[in-house]
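Colleague: Okay, predicted coordinates and the sequence, questions at the end:
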Amino acid sequence: MIVDGRTIAPGTSIQADLCIVGAGPTGIAIACEFVNHPSRVVLLESGGTSIREEIQSLCRGNIIGHPYPPLHVCRRRILGGASSYWGGWSRPLDDIDFEERAWVPHSGWPFTRDHLKAEYVRAHTIWKLGEHGDGEMPNLEGIGHLVNPVQSSFENIVFRVKGTRFGKAYRTELERARNLDLLLHANVFEIEMDRDHKAAQSVRVATLAGNRFTVSAHNFVLAAGGIENPRILLASCGSRSSGIGNNNDLVGRFFADHLHLQLPSISLNGRQVPSFYHLRKMGEAALRGGMALTENVRRRNKLLGFAITIHNPDDPHDVVYPDYKCSGYTSLLALTKPLMDGELPDGLGYHLRSILRHPVDAFTLSLRKLIKARWRQLAVGCRAEQTPNPNSRVLLDHERDAFGMNKIRLNWRLTEQDLDSLKRAQQLLYNEWKFTDKYPRATQWAGELAADVIGASHHMGTTRMHRDPKLGVVDETCRVHGIRNLYIAGSSVFPTAGWAPPTLTVIALALRLADSLKQSRR
């Protein structure tokens, strides 16, 4: 059942077996595992079924350190979360990403990738990516080589791409589930603990309509994202000033993102880009090729993860990283499909205002969607791993939001190792590039590197996983150390980030957690 949290009477106490905070891909994946299960489940979502400016404003925060996209535009408070606007690129982490690497401080997961092998396959199903397995190279024709294939530092890789909108894809299933209540417009601003601080008792919830209520449960899962998860833990300081799970001052630390960078475009002069690097339809999803440093090269050169994708710089839809300036076009897309289906779109007024504010972007990009730009140039998009850094962190700011909850102050810091590894990986690419002799010299596109690096809005690491409570916020089961019934799901538990998009691993971990929670109820 779906309930508007604004209609719940103030002071109401809702009882459940499991309370999940956040209805993005992570929270929805866990909730769907409990559909028609004996457990009573409450799924709390801050937003509704459409974007509202007043709800988005709750994401606002202050940025210090390395420049970062505004927090209220790189995340969305809406049913489905980030999947409501993402490109849907998927790939599992590499085996080496789970290892403790001597040249990467604070690296190492409590288990290997093999422990997630079955969950990765299930995650493909949840994502509706088709029947492909655990990231293996499909049998494709048209694989070309942009670097020398003999003794190359790079190997071809494949992304599976499908922008599944989890809120729309699973809304009916969640609505029909008799054992599950999805509460929209329900903002968690505090977790209440028992006297001994050993168990969570309830979460306090507020809506912008002014009503407040609580949800009590046997188990709680925070699945609100890599920034909101630590924010809730730090703000829950009713019984301890340091917050929850923060005995060792780790909550909010190790904030990481993928380092995205676009290299200068290369004129093709009539040459063709191998079709392997183009987006191509296959089954339910699409495939797109790229290249990544081999494991041996990473070990030998003590490098962080690094991969590239090939893009058409004349096609505004073929981007290396999200363009946050095209909200008018995004709104036009949000209106088009419902209207074509004869339905009244959610958030009609919001989207119309957005289109009117950005009419040129909206209609120019729509036209370019219909008329594909031919490949005259080639652009290389870099995706690199960031080393775990305890000084890169999410903090509470002195400013407060509409509920009196401290806003976020994000201090994203890059290290010399991050930039040095990125430069050296680019140098390898430059040395082995064979597609054209017109590539700019490596010194030209690695000189002022830091200024050109942007984040991918993949918020990771802020409630990291480690068996030792002095080194991690959650254990290998994603349970907060020292608290018997509070779990965290999402990329905030990643000890290391790798270079691959995080969501497939996030869903795999969510399914693993759901299995554990179901078994613990027996």
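Modeller: All right, it came through fine. Computed from a predicted structure; not experimentally measured. Residues are numbered from 1 along each chain as shown.
Colleague: Between its first and last residues, how far does stretch 179-187 reach?
Modeller: In stretch 179-187, first residue to last residue: 21 Å (C-alpha to C-alpha, to the nearest Å).
Colleague: Which residues are in contact with Pro25?
Modeller: Shown in contact with Pro25 (C-beta atoms under 8 Å, 6 or more residues apart in numbering): Gly80, Gly81, Ala82, Ser83, Ile126, Trp127, Phe166, Thr503, Val506, Ile507, Ala510. No exception for glycine: its C-beta is placed from N, CA and C like everyone else's.
Colleague: pLDDT score assigned to it?
Modeller: Per-residue pLDDT puts Pro25 at 97.
Colleague: for Glu476, same thing?
Modeller: pLDDT recorded at Glu476 is 97.
Colleague: now the helices for the chain?
Modeller: Per DSSP state H, the chain carries helices over the ranges 25-33, 53-56, 117-127, 166-169, 171-176, 228-235, 295-301, 327-340, 348-357, 359-370, 416-432, 442-446, 449-452, 503-521.
Colleague: Using CSV, write out every CA atom in the first one.
Modeller: What follows is the C-alpha trace of helix 25-33 in CSV, where atoms were taken according to Å, rounded to 0.1, in the frame of the first residue of the first chain:
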residue,chain,number,x,y,z
PRO,A,25,17.1,1.4,-6.2
THR,A,26,18.7,0.1,-3.0
GLY,A,27,15.6,0.4,-0.7
ILE,A,28,13.3,-0.8,-3.4
ALA,A,29,15.4,-3.9,-4.1
ILE,A,30,15.3,-4.8,-0.4
ALA,A,31,11.6,-4.1,-0.1
CYS,A,32,10.7,-6.2,-3.2
GLU,A,33,12.5,-9.2,-1.5
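Colleague: If you rank the contacts of Pro25 by neighbours, which is first?
Modeller: With neighbours defined as other C-beta atoms under 10 Å, the most crowded of the contacts of Pro25 is Ala510; it has 30 neighbours.
Colleague: pretty sure Trp433 is in contact with Ser152, am I right?
Modeller: No. Counting by C-beta atoms under 8 Å, Trp433 stays clear of Ser152, with 10.5 Å between them.
Colleague: Looking at the contacts of Pro25, which one is closest to Leu184?
Modeller: Taking C-beta to C-beta as the measure, Gly80 is the one of those closest to Leu184, at 11.5 Å.
Colleague: Check the burial of Arg400 by counting its neighbours.
Modeller: What Arg400 shows, counting by other C-beta under 10 Å, is a neighbour count of 12.
Colleague: wait, it sits on Asn406?
Modeller: Yes. Here Arg400 lies in contact with Asn406, judged by C-beta under 8 Å, at a distance of 5.7 Å.
Colleague: for this structure, what's the longest strand?
Modeller: Using DSSP state E, we find that the single longest strand of the chain is strand 212-222.
Colleague: the inter-axis angle of that one versus helix 228-235?
Modeller: 120 degrees (axes from the mean of the first three to the mean of the last three C-alpha atoms, to 10 degrees).
Colleague: so for strand 212-222, what's the average pLDDT?
Modeller: Strand 212-222 carries an average pLDDT of 98.
Colleague: contacting residues for the nearest residue to Gly283 once chain neighbours are set aside?
Modeller: Excluding the flanking residues, the one nearest Gly283 by C-beta to C-beta, 6 or more residues apart in numbering is Gly130, at 3.9 Å. For Gly130, the contact set (C-beta under 8 Å, 6+ apart) comprises His124, Arg160, Met282, Gly283, Glu284, Ala285.
Colleague: re the thing from before, compare the helices of the chain and report which one is nearest to Ser90.
Modeller: Comparing the helices of the chain against Ser90 with C-beta to C-beta, the closest turns out to be helix 503-521 (4.4 Å).
Colleague: buried stuff in the closest one?
Modeller: Going by neighbour count (16 or more other C-beta atoms under 10 Å), the buried part of helix 503-521 is 503-514, 517.
Colleague: ok, now how distant is Arg176 from Tyr170?
Modeller: As for Arg176, its distance to Tyr170 is 11 Å (criterion: C-beta to C-beta, to the nearest Å).
Colleague: Look at these two and report which has more neighbours.
Modeller: Just comparing Arg176 and Tyr170: by other C-beta under 10 Å the higher neighbour count belongs to Tyr170, 23 against 12.
Colleague: Disregarding residues adjacent in the polypeptide, which is nearest to that one?
Modeller: Counting by C-beta to C-beta, 6+ apart, the residue nearest Tyr170 is Ile28, at 5.2 Å.
Colleague: Tell me the pLDDT of that neighbour.
Modeller: pLDDT recorded at Ile28 is 98.
Colleague: ok, the residue nearest in space to the middle of the chain - contacts?
Modeller: Among the residues of the chain, the one closest to the centroid is His458, at 4.4 Å (C-alpha atoms, centre = their mean). With contact set as C-beta under 8 Å, 6+ apart, His458 has these partners: Gly226, Asp257, His258, Ser491, Ala497, Pro501, Pro502.
Colleague: farthest pair in those?
Modeller: Counting by C-beta to C-beta, the most remote pair of the contacts of His458 is Gly226 and Pro501, 13.5 Å apart.
Colleague: Give me the more crowded residue out of those two.
Modeller: Between Gly226 and Pro501, counted using other C-beta under 10 Å, the more crowded position is Gly226 (27 against 23).
Colleague: can I get the CA coordinates of stretch 113-126 in PDB?
Modeller: C-alpha atoms of stretch 113-126 as PDB (Å, rounded to 0.1, in the frame of the first residue of the first chain):
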ATOM      1  CA  ARG A 113      33.900 -10.600  -5.300                       C
ATOM      2  CA  ASP A 114      33.100 -14.300  -5.500                       C
ATOM      3  CA  HIS A 115      30.900 -13.800  -2.400                       C
ATOM      4  CA  LEU A 116      28.600 -11.600  -4.500                       C
ATOM      5  CA  LYS A 117      28.600 -13.700  -7.700                       C
ATOM      6  CA  ALA A 118      25.000 -15.000  -7.300                       C
ATOM      7  CA  GLU A 119      23.800 -11.600  -6.100                       C
ATOM      8  CA  TYR A 120      25.300  -9.900  -9.200                       C
ATOM      9  CA  VAL A 121      23.300 -12.200 -11.400                       C
ATOM     10  CA  ARG A 122      20.100 -11.400  -9.400                       C
ATOM     11  CA  ALA A 123      20.900  -7.700  -9.500                       C
ATOM     12  CA  HIS A 124      20.700  -8.000 -13.300                       C
ATOM     13  CA  THR A 125      17.200  -9.300 -13.000                       C
ATOM     14  CA  ILE A 126      16.100  -6.600 -10.500                       C
END
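Colleague: Work out the gap between it and the centre of the chain.
Modeller: Stretch 113-126 has its C-alpha centroid displaced from the chain centroid by 17 Å (C-alpha atoms, centre = their mean, to the nearest Å).
Colleague: List the buried residues of it.
Modeller: Buried residues in stretch 113-126, counted by 16+ other C-beta under 10 Å: Arg113, Leu116, Glu119, Tyr120, Val121, Arg122, Ala123, His124, Ile126.
Colleague: how much space between the third one and His37?
Modeller: Distance, Glu119 to His37, using C-beta to C-beta: 18 Å.
Colleague: Then the second one?
Modeller: Distance, Leu116 to His37, using C-beta to C-beta: 22 Å.
Colleague: where does the stretch 201-350 of the chain have low pLDDT?
Modeller: Along the stretch 201-350 of the chain, the model assigns pLDDT under 70 to residues 316-317, 319-330, 333-347.
Colleague: what about the strands in it?
Modeller: Using DSSP state E, counting those that start in this stretch, the strands of the stretch 201-350 of the chain run over 212-222, 259-262, 266-267, 280-282, 285-293, 306-311.
Colleague: Out of the ones you listed, flag the one nearest Asp95.
Modeller: Going by C-beta to C-beta, the one of these nearest Asp95 is strand 285-293, 12.4 Å.
Colleague: for the nearest residue to Leu293 once chain neighbours are set aside, which residues make a bridge with it?
Modeller: Spatial nearest neighbour of Leu293, chain neighbours left out: Phe306 (4.9 Å); criterion: C-beta to C-beta, 6+ apart. On the basis of DSSP bridges, Phe306 is bridged to Ala384.
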